[in-house]
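*Asks:* With the input below, show me the fold.
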Amino acid sequence: MLRLANPVRHYPWGSTDALPGLLGLPPDGRPCAEIWVGAHPAAPSVVLDPPGRDGAPGTAAPLDVLVREHAPGLLGARVRDRFGDRLPYLVKLLAAVRPLSLQVHPGAERARRRHAEEVAAGVPAAERRYPDPWHKPELLVALAPTLALAGLREPDEAADLLERLPAHGGEALVDVVAALRAPGPAEDRLRRGLRRV
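*Replies:* Residues are numbered from 1 along each chain as shown. Okay, here's the model as predicted:
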């Protein structure tokens, strides 16, 4: 068993006391939005007492480094065959007190294709919209009353709602409404409407 120290991510929508309370720490006034448990290179968990070469405890090390260095023993053959020498998930514990930003994640095929296109085009890693070839499925397990929204309204329904906005908002959204009402498949109309937003 590995003991982990997990990074806290500070975003404006986070709670100032929920995650510090869970960790047994006094709040410091900063919004604590997420605890990350995993080997994501942007904020990996730290293994506090990894096994050394002789089996004795070693020096604390980032989990992503240990996974790369000890992938056969930590991941196993089936996981490595499918995902390579990387931990294929990231657990996030969230404490939101304000709405989160809109998040859109690609499916598996699109993530692979678009990542390959950006690599082939020479887009620098730091500027890629698809930084890796992996999709990002998500699962929400609410530990407290939670309101979550997923998906988009049908284009005509969205257009009806936008047309009901006061004149100052409605005028700014004329192009969006037109895109939502245009002929064609619903997915294309939604895509065009979102681009105009």
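*Asks:* Quickly list the domain ranges of the protein.
*Replies:* For the chain, the TED database gives the domain ranges 3-99, 106-148, 155-195.
*Asks:* any idea of the mean pLDDT in the longest one?
*Replies:* So that's domain 3-99. When pLDDT is averaged along domain 3-99, the result is 90.
*Asks:* Ends of it, what's the gap?
*Replies:* End-to-end distance for domain 3-99, by CA to CA, to the nearest Å: 32 Å.
*Asks:* and what of the second one?
*Replies:* Domain 106-148 has an end-to-end distance of 19 Å (criterion: CA to CA).
*Asks:* What is the distance between that domain and the centre of its chain?
*Replies:* 8 Å (CA atoms, centre = their mean, to the nearest Å).
*Asks:* do the longest one as well
*Replies:* Domain 3-99 has its C-alpha centroid displaced from the chain centroid by 14 Å (CA atoms, centre = their mean).
*Asks:* Which positions in stretch 27-46 come out as buried?
*Replies:* Going by neighbour count (16 or more other CB atoms under 10 Å), the buried part of stretch 27-46 is 31-40, 43-46. Heads up, the C-betas are built off the backbone N, CA and C, glycines and all.
*Asks:* Contacts for it next, please.
*Replies:* Residues lying outside stretch 27-46 but in contact with it, judged by CB atoms under 8 Å, 6 or more residues apart in numbering, are 4-23, 60-65, 67, 86-87, 89-97.
*Asks:* Filter the residues you listed down to the buried ones, ChimeraX style.
*Replies:* Per 16+ other CB under 10 Å, the buried members of the contacts of stretch 27-46 correspond to this ChimeraX selection:
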select :6,7,8,9,14,15,17,18,19,20,62,63,64,67,86,87,90,93,94,95,96
